[in-house]
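1. give the three-dimensional model of this entry:
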Amino acid sequence: VLRNLEGLTHVDRAKGRARGKLPLDTSLSFHRKGIVYGPIRLSVSDQSPIYRTLIKPVFRREFMRNKRAVFLVRDPRDILVSAYYSFGYTHGLSQVEKLRQAQLDERHRIQNMPIDDYALSYAPDQAEHFSRIEKLSEWAEEAVILRYEDMIENFDGFIAEARRVLPMSEQVSGEIYRRSRPKSREDQSSHRRSGTTGGFRAKLKPETVETLNHNLRSTLESFGYPP
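-> Residues are numbered from 1 along each chain as shown. Predicted coordinates:
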């Protein structure tokens, strides 16, 4: 999407670092006009060099006050399940040795955890990530929060909201629709297993879901997700 917006040049700072095209400790500069930066993943570990050079500088009130920002969120319980399979099994590895080794260490650790244990362990991190989004959206000059669930279940409303700040053609919005449709059958070997919404209920124990609903109550309420 970001590569195909009308009148804007796309710059992905994180990908340049992950692929070794930019040194991990390179300082950043941002142009005032004509550029769309992203994706900037607020879920990056604060121990990562990408966090120190990209996320931390952006997460400031004075930085955001004259920026237009788009946030894409998903039900945090679905994120936890997706992250378990992605980071534990299917996510691609960085070409930068330091980042690659950290990814392999994380993969090994996740593969030795039941999915319910993973979800409960990382739920506080999800709450923090969503809290960052709330703060950044308040600080920005203009902010739009898009939900993955609306892209799947209410595409027209999703695109109308996205177009408030993302100038895209009908061809691009049509391609978003085509690529975002859920798969008819889950493929656990794929980075995109199914794309369905609410899939966490089939993957997690009922008691795990109940605990997550309690621990993430504020986040779920703020972003309109039912328990």
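2. pLDDT value on His191, please?
-> At His191, the model reports a pLDDT of 53.
3. tell me the pLDDT at Gln126?
-> Gln126 carries a pLDDT value of 95.
4. separation between it and Arg77?
-> Counting by Cβ to Cβ, to the nearest Å, the gap from Gln126 to Arg77 is 8 Å. The C-beta positions use only the backbone N, C-alpha and C, and glycine is treated the same way.
5. what is the burial count for Arg13?
-> Arg13: 19 surrounding residues under other Cβ atoms under 10 Å.
6. er, Tyr84 I mean
-> Neighbours around Tyr84, by other Cβ under 10 Å: 22.
7. sec struct for it, please.
-> In three-state terms, and counting by DSSP: H, G, I helix; E, B strand; the rest coil, Tyr84 is helix.
8. from what I see, it and Ala119 are in contact.
-> Yes: in this structure, Tyr84 is within contact of Ala119 by Cβ atoms under 8 Å, at 7.0 Å.
9. next one: the nearest residue to Arg32 once chain neighbours are set aside from Leu136, what distance?
-> When the adjacent residues along the chain are set aside, Arg32 lies closest to Asn66, with 8.0 Å between them (Cβ to Cβ, 6 or more residues apart in numbering). Between Asn66 and Leu136 the distance is 13 Å, computed by Cβ to Cβ.
10. of the two, which one has the most company?
-> Neighbour count, other Cβ under 10 Å: between Asn66 and Leu136, Leu136 has more, with 22 against 10.
11. so what's the more buried one up against?
-> 42, 58-59, 64, 69, 71, 143 (Cβ atoms under 8 Å, 6 or more residues apart in numbering).
12. you'd agree it is in a helix?
-> Yes: under three-state DSSP, Leu136 sits within a helix.
13. distance of it relative to Ser82?
-> Distance from Leu136 to Ser82, by Cβ to Cβ: 22 Å.
14. okay, and the common contacts of Gln126 and Arg77?
-> With Cβ under 8 Å, 6+ apart as the test, Gln126 and Arg77 both reach Leu216.
15. okay, the two: which has more neighbours?
-> Just comparing Gln126 and Arg77: by other Cβ under 10 Å the higher neighbour count belongs to Arg77, 26 against 21.
16. ok, Ala202 - how many residues close by?
-> So Ala202, with other Cβ under 10 Å, has 10 neighbours.
17. secondary structure class for it?
-> helix.
18. could you point out which element follows the lowest-mean-pLDDT helix or strand in the chain?
-> The helix or strand of the chain with the poorest confidence is helix 13-18; it has a mean of 69 (mean pLDDT, DSSP states H and E). Using DSSP states H and E, the helix or strand that follows helix 13-18 towards the C-terminus is strand 35-37.
19. quick one: strands adjacent to that next one?
-> strand 9-11 (parallel) (DSSP bridges).
20. quick one: the strand it pairs with to chain centroid distance?
-> Strand 9-11 sits 18 Å away from the centroid of its parent chain (Cα atoms, centre = their mean, to the nearest Å).
21. nothing else from me, thank you.
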